[in-house]
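Novice: Here is the input, now give the coordinates:
(chains A, B and C)
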Amino acid sequence: MTIQEKLITYIEENTGIELTESLAEDVTLRLNMILDLIGYSEGSAETAAESKKVVNVAETGIDDNLIKYLEELSRLSLTPEEEERAKDDLTKILGYIDMLNEIDTTDVEDMSHPFPYTNNFRDDEVKPSTDRELILKNAPQQKDGCFKVPTTVE
Amino acid sequence: MNYQIVVGLEVHVELSTKSKIFCSCTTEFGGEPNTHVCPVCSGMPGVLPVLNKKVVEFAVRAGLATNCEITRFNKFDRKNYFYPDLPKAYQVSQLYLPICRNGKVEIEVDGVKKYIGIHEIHMEEDAGKLVHDPWDDCTLVDYNRCGVPLLEIVSEPDFRSAEEVVAYLTKLRETMMYLGVSDCKMQEGSMRADVNISVMPMGSTKFGTRTEMKNMNSFKAIYRAIKYESKRQIEVLESGGVVTQETRRWDDNKDASFAMRSKENAQDYRYFPEPDLLPIEISEEWIENAKKTMPELPEAKRARYMSEFGLSEYDASVITAERQIAYLFEDAAAICGKPKEVCNLVMGELMRLMSDTGTLAEELDIDPHKIADIIELIDSGKINRNVGKEVFEAVFKENVDPVKYVEEKGLMMLDDDSLVEDTIDEVIKNNPKSIEDLKAGKDKAKGFLVGQTMKALKGKANPQTVNKILNEKLSKILN
Amino acid sequence: MSLNTKTALEIGQMIKNKEISSVEATKEMLANIKARDEKVNAYITVLENEAIAQAESVQAKIDKGELTSPLAGVPMAIKDNICTKDILTTCGSRMLYNFKPPYNATVSEKLEKNGAVVLGKLNMDEFAMGGSTETSYFNPTGNPWDTARVPGGSSGGSAAAVAARECTYALGSDTGGSIRQPCSFCGVSGIKPTYGAVSRYGLVAFASSLDQIGPIGRDIKDCAEILTMISGHDPKDSTSIKRAAFDFSDCYDGDLKGMKIGIPVNYFGKGLDEDVKKPVLEAAETLKKLGAEIEEFNMDIVDYAIPTYYVLACAEASSNLSRYDGIKYGYRRKDCEDLLEVYYTSRSEGFGMEVKRRIMLGSFVLSSGYYDAYYKKGLQIRGLIKKSFDQAFEKYDMILSPVAPTTAYKIGENSSDPLKMYLGDIYTVSVNLAGIPAVSIPCGFGKNAMPVGLQLIGNVFDEPKLVKAAYAFQKITDYHTNIPEMVKEGGDK
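Specialist: This next block holds a predicted model:
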């Protein structure tokens, strides 16, 4: 339910009056103006909830949902025993990593590359491609010059 | 309740570089599966990308043409997701610092002009192709398209109708083609658009929940998809439902869209800066140079054709619709100095021949000098207009040399008046009926005599000369 | 003839002097492998016939004067995460158990050009993730000084093979200490070069912004020569740096006058074994005798290097290892019904537990909602670490520290506690985060008779300074010339 719908339901339940369509629209518009003013946008509540979750992970550890989610992101499936172990290990490791929060990094720049080098380009020149045979040589399954996978529905 | 449609676009254009974005494999369309592939673009362990400079140059050009700010220090990021068409399981793209931002493009619908905001333009690599094999019930993966450079042009949600979307796409396509940045062929997928659509009550400032539409491969399909999807959303809302945020696939044959599997909706791409590539720094000098070498865009060309050459608005817009035709026109006009004549030939013969033979503008291979030669031949009275058309057709189809062709085929006008005189005498003698008709006041008969004379001379006589001599002879006979 | 006590450069010279042929040297190494590798398990692949054939062809070229490189004809071996054309390159993983790359790494090309004879491919922690070579799919490697103990890792096979004289020198890779720590555990010398000095093209990526290939050898002079051979800008690697080649010719006078060496006191506190602390501090005294000025200082920020390293390295790894999906190469479970099954089974069965743990940790720190708190924070602290090294190098030519907090431990002793394993990287990871070079050279033995290593850390492209100091140290010490019992004459029996 959207926040607008919640408000309308709330009004209706507390006043016992069913709002007409145009009144409901009016309520929606007014609420939208207020939401705009306070900078609310769809999903910002979830983001806020998520940032709360961040703090929680260091404190409460990795739960079943999170471990399942990480397995899905990583395309890995662990056995129940492995899952238990991974939960413990990752909780311990993340607890240790949490010490990074001791450092104030306000206004510190990210360092994604070791050195400040830029602009390494090549010219737009075509060179021969690799023989297809070599490209496919290591493929577990191939057919008609292609890598072969089980039917993939889009 | 009345609803307002709100649309935003993500347009992908494939760049016309010779080689791929991060390796030296060709970008040529087609080819046997996996023959335009090397260890880099097939994602073998240990390989590294090296950026094609042309891709950055094209992105800067596209950004300047759409009034964007060029991000002086920009970077590539990895977008992580598993799919068989993506051999590295991440796409190299730009999220945090895209190369162009905050642009705008002017469009016009029914005489009303408005700006569409460009949120950003970023560089990225294309994915491969999956083909379903029904015999074997499996999917075959071809990496030929992997690593072909793309620009993703992300608009603001500024569109309020399907017509505005089509006007914008037309303008964008034209611009990219003129810049030489992309050939924008929808059928080959070198221009694709994902459309974000939502509806909201008229007068509202808060956008509704949007859906994303994929798989439209013509402007017409995009137009229809927007009409369809906005109608569907309104129906959902009217019946008391809520629109779910989802990706939908357009089926042009069924004229309807379908929600894609929910798995593909919730994605967590885990973007982070690509460590294998250095950041890109674009200097003031680079931008100045790009501005200097920027080709004239179609809008400016149209205005100039009208003011400088006196072309009609209609002619100017037809000629500039395709870059190759505009350049052919301009070059030929510059050589012969007769833009109007060139315009007539292009608008008449060239367009007809192209449509008859199904030739695309980018397939044209006509030397503008040859067009200028034909205009010269007509203008100097050496051939007549009809012969001119014939010569042009020969140039178009067989790439002949106009002057030689006219000589070899004996198409040149006769400048021997005595031969014309003798022929007319002969024609008059052989057609007494016509003379009788003329005497009876039936003027049409004169045309018949001209025709007979031209026929006897195999069309090579100057019609004016024929007319003049015939008139002289007839006036003697009739008076 | 026994080459047990010879360096690679000495063997190269002997080949030039025709005291020995490349084929003979190669055969001796192959014999050593045959005799010792059952216990050491340093090799995943031994190229017996290929190596002899290569030695023959290299020898012919040396004879014709076509090959003049100082290491031409010298038999060596390569860590199994460096691609070698048509030769099995497994990364110590089941995932790549059958992978034969259709191309060479740039360093493999350079080795070939310089007439190196490749004996085989060396064992390692799976995808270089580990510090003990215990995570290899192809069984752990034993430390030649005591095969019940680990050789360190991840380049454990490389260091063990050099220590056991199963090759004259080896290439390893270093992402968080993977060259330096096994050198310390096995009593051999190694260099982790400046990031961008050696091309990474063809090095199977673990963490792209940290990985570097480097040499492991019997002494620092060998290592410097190997580094000269493999370094230089490579147009195939955007992060390799364009600059003049290394010149080590001024490094061998043994005089350290005017050199300032800083000792970060916080490196010598809690957690450092007495067994290691003593020889490292004695080494500092030795360098002082050679003319260097030694000064203590504080570098508190590096206490945060391990968490920073694991956030960044695992994030990059989670992405780098996504390409192993069972479609293009490597392990794939047979008879999968659908695509998701191909992904899940191939990856779950192809990767070992440590790799899975790091992929999941990396996925976590990059996932929606956590990026800023972990990954971005990591990048920022990485910047602070680099800055504090920059400040240190304004005062000092180099920094002296231990390589690892302990000597080689028993196989299986630490493998059940990943966090404890990670803490073993405490002195090495900051070097990778800062992209700077460091050497690891033997400086003594612990009470358990296991070797101890000394780390010298330099500023960007200051490898020559490090080599100069290490050479001076090795000139007047003999820790690097000690050989394990099994290598000694008759030790094979």
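Novice: Going by C-alpha atoms from here, please, whenever you check contacts or count neighbours.
Specialist: Fine.
Novice: in the chain, which segments are predicted with low confidence?
Specialist: With no chain named, the answer covers chain A. In the predicted model of chain A, residues A:1, A:33, A:36-59, A:153-154 satisfy pLDDT under 70.
Novice: Chain B is the one I meant
Specialist: Counting by pLDDT under 70, chain B shows low-confidence ranges at B:261-266, B:415.
Novice: Could you list the contact residues of it toward chain C?
Specialist: Within chain B, the residues that sit near chain C (Cα under 8 Å from any Cα of the partner chain) are B:39, B:43-50, B:80, B:82, B:84, B:87-90, B:268-272, B:275-278.
Novice: so how far is C:Asp211 from the closest residue to chain B within the stretch 301-450 of chain C?
Specialist: Taking Cα to the nearest Cα, chain B has its nearest neighbour within the stretch 301-450 of chain C at C:Arg323, 4.5 Å off. C:Arg323 sits 18 Å away from C:Asp211, going by Cα to Cα, to the nearest Å.
Novice: So those two - more neighbours on which side?
Specialist: Set C:Arg323 next to C:Asp211 and count neighbours by other Cα atoms under 10 Å in any protein chain shown: C:Asp211 wins out with 28 against 24.
Novice: Return the residues in contact with that one.
Specialist: Listed by Cα atoms under 8 Å, 6 or more residues apart in numbering or on different chains, the contact set of C:Asp211 reads C:173-176, C:195, C:200, C:205, C:432.
Novice: change it to 7 Å
Specialist: C:173-175 (Cα atoms under 7 Å, 6 or more residues apart in numbering or on different chains).
Novice: Check B:Val199 too.
Specialist: Residues near B:Val199 by Cα under 7 Å, 6+ apart: B:3-6, B:207-208, B:230, B:233-234.
Novice: possible to save those as JSON lines with secondary structure?
Specialist: Shown next, in JSON lines, are the contacts of B:Val199 (DSSP: H, G, I helix; E, B strand; the rest coil):
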{"residue": "B:Tyr3", "secondary structure": "strand"}
{"residue": "B:Gln4", "secondary structure": "strand"}
{"residue": "B:Ile5", "secondary structure": "strand"}
{"residue": "B:Val6", "secondary structure": "strand"}
{"residue": "B:Phe207", "secondary structure": "coil"}
{"residue": "B:Gly208", "secondary structure": "coil"}
{"residue": "B:Ser230", "secondary structure": "helix"}
{"residue": "B:Gln233", "secondary structure": "helix"}
{"residue": "B:Ile234", "secondary structure": "helix"}
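Novice: which of those count as buried?
Specialist: The neighbour-count test (16 or more other Cα atoms under 10 Å in any protein chain shown) marks B:3-6, B:207-208, B:230, B:233-234 as buried among the contacts of B:Val199.
Novice: Make CSV from those and add distance to chain A to it.
Specialist: Compiled in CSV, those are given as follows (distance: Cα to the nearest Cα, whole Å):
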residue, distance to chain A
B:Tyr3, 12
B:Gln4, 14
B:Ile5, 17
B:Val6, 16
B:Phe207, 10
B:Gly208, 10
B:Ser230, 19
B:Gln233, 16
B:Ile234, 15
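Novice: same for chain A: which of the residues of chain B next to chain C are within range?
Specialist: On the criterion Cα under 7 Å from any Cα of the partner chain, B:50, B:275, B:278 are the entries of these that sit beside chain A.
Novice: Serialize those to CSV and add fields for secondary structure.
Specialist: Shown next, in CSV, are those (three-state DSSP):
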residue, secondary structure
B:Val50, coil
B:Pro275, coil
B:Leu278, coil
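Novice: Now for the residue of chain A found nearest chain B, how many residues are close by?
Specialist: Using Cα to the nearest Cα, the closest approach of chain A to chain B is made by A:Thr151 at 4.2 Å. Residues lying near A:Thr151 (other Cα under 10 Å) number 19.
Novice: Over to C:Ile216?
Specialist: Using other Cα under 10 Å, C:Ile216 has 35 other residues around it.
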